[in-house]
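1. here you go, sequence then predicted model.
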Amino acid sequence: MRHYLPLLLLACGLCQAQGTDKVIASGVVPDEATKAALLLRLRDLYGAERVVDQVTIGNVVLPASWSANVQKLIQPNLKLVSKGQLTVEGNNVGIRGEVANEAQRQQIAGEMAAALNPTYTVRNGLRVGAAEQQLLDAALAKRIIEFETAQAVLRPGGQQILDEMVLALRKVKGKRVEVIGHTDDTGARESNLALSLARAEAVRSYLIAHGIAPGMISVAGHGPDRPVADNASSEGRARNRRIEFRVVD
């Protein structure tokens, strides 16, 4: 008997041969129940259409509470990792890939370590993304692109920031950029998801109208699911209502 635990590939752009962004789950587990729990967690996080099942059933031994600990590792912040890989072998966890900034690099690995008991070791192989991402981050400079309350209508200050982003995006040649909308947690989650996507679409439309190629920009809306601050305060909620620009390839 041996430990041989799933190798999970958990980020965009990994499945080049299939020509699309996929999340591949592979490795050996001892029974169908463990496999089903693993795949359910991945599909809940990434969407069923993106998860590729390469997990097999075999004669292996898992550490105590292994399945529950893996559930803790497959957390929403993994979606911040691109070109990534999460490995779980025995009590050793490794996370690799690209993130947008140093704060994310430390946060993701730190949250993993905090969720697990002390018998687990987490190796942080995350790295801050390429120069193109750093260029966009510097142009946005942690500013909030503002919209009219509960609407996808840009305010003048938001338009001014986007005018600067247009100049930065013109320097990001040969790359696709995802515009991601976020909200605070006020109101119903489904409404916030719809609003965050509508705001991302509004940003995309503005960028295209100012000369950015439509094929360069994709959109996503994550509603309240990825807060960067505590929603208990008005300042925190304001920080969570934001637009993010991420280089995806």
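-> Great, that's in hand.

2. tell me which helix or strand of this protein sits lowest on mean pLDDT?
-> Here the helix or strand of the chain ranked lowest by mean pLDDT, DSSP states H and E is strand 7-9, holding a mean of 41.

3. from the chain's centre, how far out does the helix or strand just after that strand sit?
-> The helix or strand immediately downstream of strand 7-9 is strand 23-29, counting by DSSP states H and E. Relative to its chain's centre, strand 23-29 lies at 19 Å (CA atoms, centre = their mean, to the nearest Å).

4. partner strands of strand 23-29, parallel or antiparallel?
-> Note on strand 23-29: by DSSP bridges, its sheet partners are strand 7-9 (antiparallel), strand 51-57 (parallel).

5. so, low pLDDT: which residues of this protein?
-> In the predicted model of the chain, residues 1-21, 129, 249 satisfy pLDDT under 70.

6. and it, what are its domains?
-> The record's domain split for the chain, according to automatic domain parsing, is 7-128, 131-247.

7. now the closest residue to Thr34 other than its chain neighbours, what's its secondary structure?
-> Distances taken as CB to CB, 6 or more residues apart in numbering place Ser67 nearest to Thr34, at 5.3 Å, with adjacent residues excluded. Just so you know, the C-beta spots here come from the backbone N, C-alpha and C atoms, and that holds for glycine as well. With DSSP: H, G, I helix; E, B strand; the rest coil as the basis, Ser67 sits in helix.

8. now do the one 4 residues further on
-> Secondary structure for Gln71, judged by three-state DSSP, is helix.

9. show me where this protein has helices.
-> Assignment of helices within the chain using DSSP state H yields the ranges 32-46, 66-73, 102-115, 131-140, 156-169, 189-209, 234-240.
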